[in-house]
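Asks: pasting the structure only:
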Ligand SMILES: Cc1ncc(COP(=O)(O)O)c(C=O)c1O
C-alpha cells in the first residue's frame with residue numbers, strides 16, 4: 001500500500017539522533033537547527049528522558065482517563081511551577097491542533113457564542129475549528145469553511161474592537177510569535193489592548209503557545225513578554241520532546257463540567273513521563289537562560305551578514321529574512337553542509353528552531369556554512 005502522498009520530502013533518512021545532531025543510515029551527521037518543527041526542546045535522546053520513558057513503559061504505558069493518574073497531577077504541578085501560571089487547570093491531549101480545537105470549543109462553551117477572530121498569516125493546526133482559524137485557503141476544506149471566523153490584520157486594533165463589540169465572538173486566538181507564517185509579531189500595545197477588549201466583551205483570549213511555549217521565546221510562554229492574562233493557553237510541540245502530547249491550560253474563572261472535554265489517549269502515563277522529564281530538564285539545565293544567551297549570540301552574528309535583510313522572532317524561535325526565496329538555500333544547507341533549517345509561508349524567511357540545548361559551537365557551524373553557501 002503506498003503512503004498517502006501529502007508531504008514533499010527531502011531525500012534524507014534519519015535513523016538516529018543525539019543532542020542537536022541527527023544521523024542518517026550512512027552515519028552522516030546533520031546539525032538539527034529545526035528540531036522537527038520546533039519539537040525537540042531538551043535535545044534528541046536526552047538520557048533523563050530516555051530513562052523516564054523506558055522505566056514508565058515497562059511499568060504502565062497507558063490506561064484510560066477513567067482512573068486516577070498521579071502522573072498527570074505531578075505534570076500539572078511542575079508546569080504551574082515552571083510557567084508561573086498560578087491556579088490554571090490542565091487538560092491533556094495529543095497535539096497542537098487538538099489543543100486549539102479544545103481551546104476554541106471551551107471558549108464557545110464558556111461564552112455561549114460561536115464566532116472566532118484570528119489573524120492573517122496565523123497557523124493553528126488542521127482540525128475543524130483550528131484550521132478554519134488559519135489563514136490559508138489551501139488547507140481549509142468546505143466542511144471546515146462552515147465555521148464562523150473573521151481574519152484580521154495584526155496590529156489593527158480598531159477592527160478587533162469593531163468585531164468584538166458585535167457581541168458574538170467567543171474567542172480571539174493569537175500566536176505571539178507567528179511560527180509557520182514567518183516569525184512576525186504584533187506590537188506590545190496591540191496585544192495588551194486585545195486583552196482589555198476581550199475582558200470587556202466576554203471573549204476568551206487564547207494564547208496559541210504550541211510553538212512559542214516551553215521556554216523557546218526566552219520566557220516560559222511568549223505572552224509573558226507582555227502585560228496580559230490569557231483565558232486559555234494551548235501547548236504541544238516542545239512539551240514532549242518528540243513524544244506526542246499537547247494540552248490546554250485553563251484560567252481558574254473557567255469551570256469544568258464532566259464530559260465537556262475528553263480524549264482516549266490524552267494524558268496517558270507514557271506521555272506524562274515524557275512531559276515530566278522535559279520540564280525537569282528545562283529546570284535542571286537552566287535551558288531558558290541558555291535560550292537567552294544563545295539567542296543574543298545568534299543575532300549578533302546574523303547582524304554581520306549583509307545578505308540578511310531582517311532578523312525576526314525571539315529567543316530560539318528565529319527567522320532570517322533575505323531578499324530572495326530560501327528553498328534552494330535550505331536544500332544547499334541540507335545536502336552540501338548537512339544542516340537542517342526550516343521554511344515559512346513567507347518564502348524569504350529561513351526558520352531557526354534548534355533544541356534549547358544548542359551551544360555556540362553549533363551556531364558557529366551554521367554561520368560558517370551559511371556564509372559559504374551565500375557566496376557560491
Ligand atoms: C502555533 C501552532 N499552533 C498549532 C499547530 C498545530 O500543531 P500540530 O501539528 O501538533 O497539530 C502548530 C504546528 O505547527 C503551530 O505552529
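Replies: It's in. Source: prediction; values computed, not measured.

Asks: for the stretch 51-200 of the chain, what spans make up the strands?
Replies: With strands called from DSSP state E, counting those that start in this stretch, the stretch 51-200 of the chain shows them at 89-93, 115-119, 149-152, 169-174.

Asks: In CSV, list those along with mean pLDDT, distance to residue 130 and mean neighbour count.
Replies: Just so you know, the C-beta spots here come from the backbone N, C-alpha and C atoms, and that holds for glycine as well. CSV is the format used below for these (pLDDT from 0 to 100; distance: least, C-beta to C-beta, whole Å; neighbours: other C-beta atoms under 10 Å):
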stretch, mean pLDDT, distance to residue 130, mean neighbour count
strand 89-93, 98, 12, 22
strand 115-119, 98, 10, 24
strand 149-152, 98, 10, 18
strand 169-174, 98, 8, 27
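
Asks: Now distance to residue 31 too, for these, in a markdown table please.
Replies: As requested, those are exported to a markdown table (distance: least, C-beta to C-beta, whole Å):
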| stretch | distance to residue 31 |
| --- | --- |
| strand 89-93 | 32 |
| strand 115-119 | 33 |
| strand 149-152 | 36 |
| strand 169-174 | 32 |
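
Asks: Please produce CSV containing those strands, extended by distance to the ligand.
Replies: Output for the strands of the stretch 51-200 of the chain, formatted as CSV (distance: least, C-beta to the nearest ligand atom, whole Å):
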stretch, distance to the ligand
strand 89-93, 10
strand 115-119, 11
strand 149-152, 15
strand 169-174, 9
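
Asks: which parts of the stretch 151-300 of the chain sit against the ligand?
Replies: Counting by C-beta under 6 Å from any ligand atom, the stretch 151-300 of the chain comes close to the ligand at 175, 179, 180, 208, 210, 211, 236.

Asks: so which of those comes closest to residue 266?
Replies: residue 236 (11.0 Å; C-beta to C-beta).

Asks: can you tell me how far the closest one sits from residue 72?
Replies: 16 Å (C-beta to C-beta, to the nearest Å).

Asks: So the two - more neighbours on which side?
Replies: residue 236 (28 against 22; other C-beta atoms under 10 Å).

Asks: wait, what's in contact with that one?
Replies: 95, 96, 98, 99, 210, 245, 246, 247 (C-beta atoms under 8 Å, 6 or more residues apart in numbering).

Asks: can you give me phi and psi for it?
Replies: phi -170, psi -130 (degrees, to the nearest 10).

Asks: One more: residue 30?
Replies: phi -120, psi 130.

Asks: For it, give the beta-bridge partners.
Replies: residue 22 (DSSP bridges).

Asks: thinking it is in contact with residue 341, fair?
Replies: No: here residue 30 does not reach residue 341: they are 10.7 Å apart, not a contact under C-beta atoms under 8 Å.

Asks: Can you work out which residues contact both of these two?
Replies: Taking C-beta under 8 Å, 6+ apart as the contact rule, residue 30 and residue 341 both touch residue 334.

Asks: Those two: which is more packed in?
Replies: Neighbour totals were compared for residue 30 and residue 341, and residue 341 leads with 24 against 20 (other C-beta under 10 Å).

Asks: What pLDDT does the model give that one?
Replies: Looking at residue 341, its pLDDT is 98.

Asks: got it, and the one 5 residues further on?
Replies: Predicted confidence (pLDDT) at residue 346: the value is 94.

Asks: Could I get the contacting residues of it?
Replies: Taking C-beta under 8 Å, 6+ apart, one finds 121, 181, 182, 184, 319, 321 in contact with residue 346.

Asks: which of those residues tops the neighbour count?
Replies: The contacts of residue 346, ranked by neighbours (other C-beta under 10 Å): first place residue 319, 27 neighbours.

Asks: Dihedrals phi and psi, it?
Replies: phi -140, psi 140.

Asks: Show the backbone phi and psi for the closest residue to it other than its chain neighbours.
Replies: Spatial nearest neighbour of residue 319, excluding adjacent residues (C-beta to C-beta, 6 or more residues apart in numbering): residue 183 at 3.5 Å. Main-chain dihedrals, residue 183, degrees, to the nearest 10: phi 70, psi 20.
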